[in-house]
Structures are given as structure tokens and as C-alpha cells.
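**Q** got a structure for you, letters missing:
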């Protein structure tokens, strides 16, 4: 396809036709706020539907079509996404046809923004800045999210991963309509573009419908989907902060050498499930159920960054004991002291997740783009499942042994 | 249970009540990997009493405590047993139901057997009660850090004077202290009977095989009759009209509530249609395509957190509007004034658009196994046919919406405000 990578996923499982465009450019602090705002300003009105209200009304008339947008960081890239979800017209009464109109509306949002004197309207930009700032403020009320952010700011202080792709609160007010408009034009002209289409359709027909409305010039983009930034770690850092919490929040971060696309990626997925990312994980069984140190405790593997995190809610005063026990559990896995059945259960949890991922549009889009980006080929569930089944106890232990503790963070009760 | 809508969608819902009294609803989804099963018991926080001194009354938190206890086994860990057959199990307690559910991408039969065994176990162990009390205490503590939970709890507490929906589902540290093995065993004996339970299965399954499996399961013998839920209606006057608190937050939070009339003769179907009628009122007053919201945003009174919902149950009902705001006084004033002018703000053209959107949403609800299972369960609990309900939306007119507006009366309103407690810090 002209200027972009098109992935078609034909399936009759869903009642929805789904089209997503992703625009990727190198992640840079200078463009962070611009790209955070862009999707929202585009969704605030187009030339033909000049206000958010009019745009929403037009989409609602198409049986509740939704056009959504957002921004994320993937590897070293900033990824702006815009998507259309519209009910498949074959399920509408009396042969009503809406796909063409819905694609027109989507193309209108993407290519014909509402400008005044050649730039986005100041009123719309300021309004979206206010909304985004208030959205970031709301994250503060979520203690788990807030404490994770604080940990990431410490752990990644000289790396791009310290930034929230969502936007930098302190500098958002400095965004001008002119800068935002330049950023929009750059995105359309030079970003790496991926389009994923999911739904029940005739391949040739849908390709024609998309090609007719969405064309981008040729571009030479070489996206870097892996974040390779790292730092030497002499000894782990511990950070303690106080807040208005009745339960202490604990966040622990490790560096791991295994990233998406690596030969050991599948082993790392299984290691993470065994450690803290499943119902039968070691953290859940030992730290929560046996020792009752935490109400919740789980691990997350950040595959494009090469990091492993543990989040937990701990009774104030027992934080140190919880950290010690979490570290012991990981050391136990590294020493290979887990039972063969635990390994089987961890694999089964990962496989269940892979299979049920194909039951949702969002899962399908994620899996297909992940495979395409990191392996350069079409997604194959059976191959993926077989690879998980082939992971050995030694592979898993090696993944755990390679994790290097970086940062321990507590948010705990005031006055302790 | 098929009609034009289901035929056009090529979907079917098969429902049967088994000899044991268990109601079973199956929605087959060919081609999907995941099968999800819910075994829901008609026991929730509205079946409890704050002053639980009378015979047969249960203290707040009993339903939730019982849910925790069913996962408590001295020898066999249920979570691991499900995991061994490739399934995940979980549960939650709500106002009117305790729902145990599992999902798997392996053959469903072993997981379903385990689910029956989990919920219909014959005894409540004495061991483990103190351990669970401690765990629930920590869970309650965690909710205390969640302002979004707290503000809704405050609203319910202000709206209702007596109705048990006013107390937190998990109870309080004080109320769970009164729960012992006797209380739990009594609750299990009364509520955990097939006639008071619903099984919902969604996935690539044959409904007849599900019915057969549920019919022969030994734990499912016909027994005690379904316990009657005692209606406890109260009038529209709230317990309190204002609640104001200080919190460690960055932006003020505002929640408005309106207590609704619940005439005793409304059927569950009529209550569901009322909820839908209110969703049309909210679409016009507070929806993303309404001129009034454009104005609220322009004046900086509300943001994307703005949401509104209606709940119409047999013996209680209320509306809730929520937004975060920098100007809570002005925002409350503007929102209440929208309610006062609701009649004149209704637009017949937009009403037809909102109906289309709702139909589109109902069609797309059939995309997800888990969302469908929850959705089918909600209606199965009320014995309402989903496809009949969707067909009835088509027949709704703007006059049906006007009919409910008088309930937006001033003496049924509650305003809850959470204000940030210090000079704004950097988030």
C-alpha cells in the first residue's frame, strides 16, 4: 500500500468493522506534548464537522460508530493511533449501508482538520490542554498508578522511559497551535504508518475502499521497536515517599536483558507468569496467600523496554519484609527450585492468554502488529503456542537469574 | 427466545430451568476459543441488615465474607485446581448477587464441574475464618484509598435512610467482626440452593450438552425453595442532601444523585426500559453530542470524566452524575439547572440518533465473550429476554422519555463534593 504497511485480518467472529492507523516517529521529549495532544485535537472537530459535538453526532448517526485516538511509547518510538469501529452493516435493518460513510468520516478526521488561518484553532487547543491536564491530575487519585509513575521516574531518570507518553503536566501550557500544526503535518508526511483492518469483508473490496481514501507519500522510516537505553547499576536504589494512604504501595523494578523478538522472549513470558503474572504464580501463593503480606501482588514484564516490575499493596510497617520475600521468590526461580507442575501451569496460563487474545479485536491488532514488528511476518497462533510449550525449566531459571534489581519504591502512610 | 433482531444477528440465547430449580442460559459463540461460565447466587449486600439482631438477619459483609470462605480449603486450593484444567476462576459480590465465574480455552466440562463443586460445597470450614477476616480487613482498607469508590459510597449513604444498598458491599471492620461460622453456614443454607442460582455459559458450546452436565451434577439436587427477597421501599426523600469532604486529590470531584420512585407494580422488564429511557435523557443533557455539554466544557466546569447512569431496581432506584471539576459549586449549579430544564432541552431529532447509537451498541455487545456473559447474566437474574428488550427500544418514543422527567424533583437530590485539601501540588 502507498506509504504504509497494511495488515488485513479477515474474521467473521465480530459484529464490527475495525480500522486502525498507527503513526510512529522517534520518541523525543520536545514532541512529547504535541503528539499527546494531536489525536484529541483532531477529534475536536474537522472541516465538515467543526465541533466535537457535531463530529460525535455524525458518528452516532452511523449506528454509534466510534472514532478514537491515543498515544503510546513502543520501544524508541512515539506511536499516535486513530481508529474507527463501526457496526458491520450486514447486521443492520433493511440493508442500510454505512461502511463507506464511516470511512469517509474517518478520513475527514485524519486529513481535513479544522484550521483557522492555516493552523489549529487556539480555542480547541487550549481546551484539549485543560482536559489533558485534568486527566493527568486524576491519575494522582489512583495510588497504584501514581506510585508506579514515581518509581519509573527514579528508575529511568536519564532515559526516555521516564516520560509519560500521555503528556508532561508542567510544560503542556506551552503548546501553541502553530507548533501543533507543524507536528501534525510531520506526522502525515514522514511518520512510519501502519494500518490494521479487522472484520468480515471481501479482501479486495476493503483494500480498494481503504486505498481510495487513505494515501500517504513514500517515506524512508526505519522504526526502532526496541528500547535499548540502559545504565550501569552498582547497587539498587530505595526511595521512600509519604502520602495519604492507609495501605502502603510497593513498586520494585528490575532490568532484564530479554526483549521482544529475542530467542528468549517466550521463556521470559513464562518466567513472568511463574513469578507473578498468573493465578498460581509464586508471588500470589507465597506472598499473598501463605505469608499474607500483601492484599494484591503481581508482576509485569515490559518486553520492549527490557524491564520487570512488581506492584503490591502492603500493610504499613511490613514493607521491608515484603521486599525481602519478593526477592527470595525471584531468587528461588533463578535457582530452579520450582516444581515441574508450576512450570506447566505457567505455560498453560500464557497459552490461554494467547488463545483468548484472538477472541477480541484489540487482542488481534496487538498480536498481529507485535509479530509483524518483531518477526517481520504474519501472526501464527499455533506457532506461538508451540514455542511456549517448548520452553524448558532451565530457560525460565536463566531468565530470572538475569534480572538485575534496580529500584525499590514505597509510598507509605504519613507519620510513621 | 429468538426474534427478528436475533435472527438478523445470527445469534441465539437458549434458556432452561432444570428439575433442580437451577436456571441455565447458554449463548453459543462458534469459532471463539474462550468459554466463560458464571454461577450466580441471588445473595448480595441488599439481603443484609445493619441492625442484624433479629433471627435470620445477616450483618453487612456476610455475602462477601461467604464468597471469600468458599475459596478457603484446608487441603485443596481451588484456584490451583482450576488452573490444572486450564481454567481461571474468580468471584465478586454485588448488591443483589454473588457471582462465581471461570473461563478456559480448554474443553469446558472439567471447569464447569469444579465451579459447581466450589459453590455448592456441603460445609463451611471453621478453620480459615480468622485468616479471611484479616484479608477482608485489608481489602476494606484498600477501598479506603480509592476515592472513586468512596464518593459513590457516600452518595448511596446520603440517598437512602434505611435501604441496605446504603452500606458498603464488603461491610466494615466492625460489621465483619460479628460474622462467625454459624452466620456463614446459615446464609449458605438459605441462599445457596439451585432454585436461587443461575448458570450462564457463553462460548463455542452445544447448549444441550451444558443442560445435560448441569442436570446430572450430584450437588444439584432439588431442594429448598428460592428465598424471597423482602422489598424495603422508602420514599424519595434522601437521608442527607449534602456531603462535603477534603481529600488528597488534585482536582475536585462532584457527584450528584437523584432518588427515584419505585412503584411496587413495575416489572423487571419495565425497570430495564426505565433505565434505557434515562439513558436517552442523559444523552440529550450530558452526552458527547449535546449542546449543554459543549457549554459546560467551554466554561471549564466539567471534563472527560463526566458520566451519568441510572439504576432502577424493584425496591430502590437512583440517578448518578459524576464529574471532576475545578469549580464544584458552579458545576453543581449548572448541572442541576440542566435537570430543571430537561423538558425543554429534549430534541426529537437527536432522540432518533441516540436510538440508532444504542442499537449499534447492542449489536457490538456480541463481540466479546466476557462482556456478553456479564450482560446475559444481568438479564437472566431478572428473567428478562434480552432480544425482547432490544425490540422494545425500537418502540420507545420521546413521550416515553418525557413521562419520567417529573422524577427529577428538587427534594430528591443529593450533592457530594470531594475537595482537594491543599495548595495544588505537581501531580
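**A** Perfect, I can see it now. This is a predicted model, so every value here is computed, not measured. Residues are numbered from 1 along each chain as shown, chains lettered A, B, ... in the order given.

**Q** helices of chain A, start to end?
**A** A:29-42, A:52-61, A:99-111, A:122-139, A:143-155, A:177-190, A:203-213, A:265-275, A:282, A:319-334, A:340-357, A:361-375, A:381-389, A:393-401 (DSSP state H).

**Q** need these in JSON lines with mean neighbour count and distance to chain B, can you?
**A** Heads up, the C-betas are built off the backbone N, CA and C, glycines and all. Formatted as JSON lines, the helices of chain A follow (neighbours: other CB atoms under 10 Å in any protein chain shown; distance: least, CB to the nearest CB, whole Å):
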{"stretch": "helix A:29-42", "mean neighbour count": "22", "distance to chain B": "9"}
{"stretch": "helix A:52-61", "mean neighbour count": "22", "distance to chain B": "4"}
{"stretch": "helix A:99-111", "mean neighbour count": "19", "distance to chain B": "11"}
{"stretch": "helix A:122-139", "mean neighbour count": "19", "distance to chain B": "4"}
{"stretch": "helix A:143-155", "mean neighbour count": "20", "distance to chain B": "5"}
{"stretch": "helix A:177-190", "mean neighbour count": "17", "distance to chain B": "17"}
{"stretch": "helix A:203-213", "mean neighbour count": "14", "distance to chain B": "18"}
{"stretch": "helix A:265-275", "mean neighbour count": "26", "distance to chain B": "11"}
{"stretch": "helix A:282", "mean neighbour count": "23", "distance to chain B": "12"}
{"stretch": "helix A:319-334", "mean neighbour count": "19", "distance to chain B": "13"}
{"stretch": "helix A:340-357", "mean neighbour count": "20", "distance to chain B": "4"}
{"stretch": "helix A:361-375", "mean neighbour count": "18", "distance to chain B": "7"}
{"stretch": "helix A:381-389", "mean neighbour count": "15", "distance to chain B": "9"}
{"stretch": "helix A:393-401", "mean neighbour count": "20", "distance to chain B": "17"}
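
**Q** residue B:281 is nearest to which of these?
**A** Nearest to residue B:281, of all the helices of chain A, is helix A:52-61, at 15.8 Å by CB to CB.

**Q** which residue is nearest the centroid of the chain?
**A** Unless you meant another one, I'm taking chain A. Nearest to the mean C-alpha position of chain A, by CA atoms, centre = their mean, lies residue A:72 at 5.9 Å.

**Q** you answered for a different chain; I wanted chain B.
**A** Closest-to-mean residue, chain B, CA atoms, centre = their mean: residue B:94 / 6.0 Å.

**Q** if we ignore the residues flanking it in sequence, what's nearest residue B:113?
**A** Sequence neighbours aside, residue B:217 is the residue nearest to residue B:113 in space, at 6.9 Å (criterion: CB to CB, 6 or more residues apart in numbering or on different chains).

**Q** I'd say the one you found and residue B:116 touch.
**A** Yes. The pair residue B:217 / residue B:116 is scored as a contact, 4.9 Å apart, by CB atoms under 8 Å.

**Q** tell me which of those two has more neighbours.
**A** Remark: of residue B:217 and residue B:116, residue B:116 carries more neighbours, 22 against 19, as counted by other CB atoms under 10 Å in any protein chain shown.

**Q** just the strands from chain B, written as ranges.
**A** Counting by DSSP state E, chain B has strands at residues B:14-17, B:23-28, B:35-41, B:87-93, B:98-104, B:197-203, B:242-247, B:252-259, B:307-312, B:317-325, B:413-420.

**Q** contacting residues around the fourth one?
**A** Contacts made with strand B:87-93 from outside it, assessed by CB atoms under 8 Å, 6 or more residues apart in numbering or on different chains, are listed as A:279, A:349, A:352, B:44-45, B:63-64, B:67, B:70-71, B:78-79, B:82, B:98-104, B:106, B:110-111, B:114-115, B:118, B:169-170.

**Q** cool, and the shortest one?
**A** The set of residues that contact strand B:14-17 without belonging to it, under CB under 8 Å, 6+ apart, is B:1, B:23-28, B:207, B:211, B:380.

**Q** measure the residue nearest to the centre of chain A to chain B for me?
**A** 18 Å (CB to the nearest CB, to the nearest Å).

**Q** can you give me the offset of the worst-scoring helix or strand of chain A on mean pLDDT from its chain's centre?
**A** Within chain A, confidence by mean pLDDT, DSSP states H and E is lowest for helix A:203-213 among all helices and strands, at a mean of 90. Centroid separation between helix A:203-213 and its chain, computed with CA atoms, centre = their mean, to the nearest Å, is 28 Å.

**Q** other SSEs contacting that helix?
**A** Using 3 or more CB pairs under 8 Å, 6 or more residues apart in numbering or on different chains; DSSP states H and E, the elements in contact with helix A:203-213 are strand A:4-10, helix A:99-111, strand A:192-199.

**Q** redo those as JSON lines? Include distance to residue B:393.
**A** Putting the helices and strands packed on helix A:203-213 into JSON lines (distance: least, CB to CB, whole Å) gives the following:
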{"stretch": "strand A:4-10", "distance to residue B:393": "31"}
{"stretch": "helix A:99-111", "distance to residue B:393": "22"}
{"stretch": "strand A:192-199", "distance to residue B:393": "25"}
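
**Q** state the pLDDT value of the nearest residue to residue A:17 once chain neighbours are set aside.
**A** In space, and not counting its chain neighbours, residue A:17 is closest to residue A:199: 3.9 Å by CB to CB, 6+ apart. At residue A:199, the model reports a pLDDT of 95.

**Q** what's around residue 287, how many residues?
**A** Picking chain A for this. Residue A:287, neighbours per other CB under 10 Å, totals 25.

**Q** you answered for a different chain; I wanted chain B.
**A** Neighbours of residue B:287 (other CB under 10 Å): 23.

**Q** thought residue A:114 was touching residue A:121?
**A** Yes. Assessed by CB under 8 Å, residue A:114 is found in contact with residue A:121 at 6.5 Å.

**Q** mutual contacts of the two, please.
**A** By CB under 8 Å, 6+ apart, residue A:114 and residue A:121 have these common neighbours: residue A:45.
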